[in-house]
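Visitor: Quick one: sequence plus predicted model below, questions after.
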Number of protein chains: 2
Amino acid sequence: MAGREKRPLGTLFGLNDFGVNLTTLEPGAVSSLRHAHTTQDEFVYLLEGELVLVTNAGETVLRPGMCAGFQAGNGDAHHLVNRSQEPASFLEIGTRGGDDSASYPDDDIVAALDEQGRWTFTRKDGSPYA
Amino acid sequence: MAGREKRPLGTLFGLNDFGVNLTTLEPGAVSSLRHAHTTQDEFVYLLEGELVLVTNAGETVLRPGMCAGFQAGNGDAHHLVNRSQEPASFLEIGTRGGDDSASYPDDDIVAALDEQGRWTFTRKDGSPYA
């Protein structure tokens, strides 16, 4: 993910229940592949700049003070895209742990947490993403 | 809690794992009694104004872009106080649910979640806080 910088704030304080990142996207960068989680809630709050939120419902421009939440399991795949000429920063909060998986409607990729809590990625037919 | 306004943002999106509030404290207001949680992590991020964070370690001035986290069970009681002449706003994130309780080192009060997930308050000798 070029042009994306994540500063993990929650781990600084030893938090275990949820993660908090201060993420900055340079012009042209995206937050992630567009994805939906099965068991992890997510929340984003825009601090600076302008980002386009892409969900199943379409596109919304987020400006500072605007926020969005993504309930686990509702299948609404989302990501943020910086189409502006300036960097943009946001806080992202997500549940930690649990038996989560993620689906990517726009890409041939499936993600799942393995028994060690690590994300594993395969193609949608189950073949390795080598 | 006079002078405190909380806007629950997480519930707008049906989030269940953690709560997100946008809280504004008027001059002289406090975020809560100083308290520590046993099983709920907390995180605060200052958006506007200036607040004094009071913990077991003492006092720290928080300004916009500064944050603090409070790991569940570490016993570090905390709250935020607005000693400035302007309103101050922050995001507060906290784990939802679980069998939590809170301790208040400066006050004769004990809080616990009952079986219905409601906070109940008693004096430290267990007598009702009527």
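Guide: Perfect, thanks for sending it.
Visitor: Pull the contacting residues for A:L33.
Guide: For A:L33, the contacting residues are A:79, A:104, A:106-107, A:109, by CB atoms under 8 Å, 6 or more residues apart in numbering or on different chains. C-beta here means a position set from N, CA and C on the backbone, and glycine is covered the same way.
Visitor: in which helix or strand would I find the closest residue to A:P64 other than its chain neighbours?
Guide: Closest residue to A:P64 apart from its sequence neighbours, by CB to CB, 6 or more residues apart in numbering or on different chains: A:L46 at 5.4 Å. Using DSSP states H and E, the secondary-structure element containing A:L46 is strand A:42-48.
Visitor: And for that strand, what's in contact with it?
Guide: Around strand A:42-48, the neighbours that count as contacts under CB under 8 Å, 6+ apart are A:22, A:53, A:62-70, A:78, A:80, A:87-95, B:9-10, B:13, B:15, B:18, B:20, B:47, B:91, B:93.
Visitor: A:N74 is in contact with A:H37, isn't it?
Guide: No - using CB atoms under 8 Å as the test, A:N74 is too far from A:H37 to be in contact (9.4 Å).
Visitor: Looking only at neighbour counts, state which of the two leads.
Guide: A:H37 (23 against 14; other CB atoms under 10 Å in any protein chain shown).
Visitor: quick one: buried residues of stretch A:49-57?
Guide: Across stretch A:49-57, burial judged by 16 or more other CB atoms under 10 Å in any protein chain shown covers A:49-54.
Visitor: go on, stretch A:112-126?
Guide: Going by neighbour count (16+ other CB under 10 Å), the buried part of stretch A:112-126 is A:L113.
Visitor: Can you give the distance of it from its chain's centre?
Guide: 16 Å (CA atoms, centre = their mean, to the nearest Å).
Visitor: With stretch A:4-16 instead?
Guide: Worked out by CA atoms, centre = their mean, stretch A:4-16 lies 14 Å from the chain centre.
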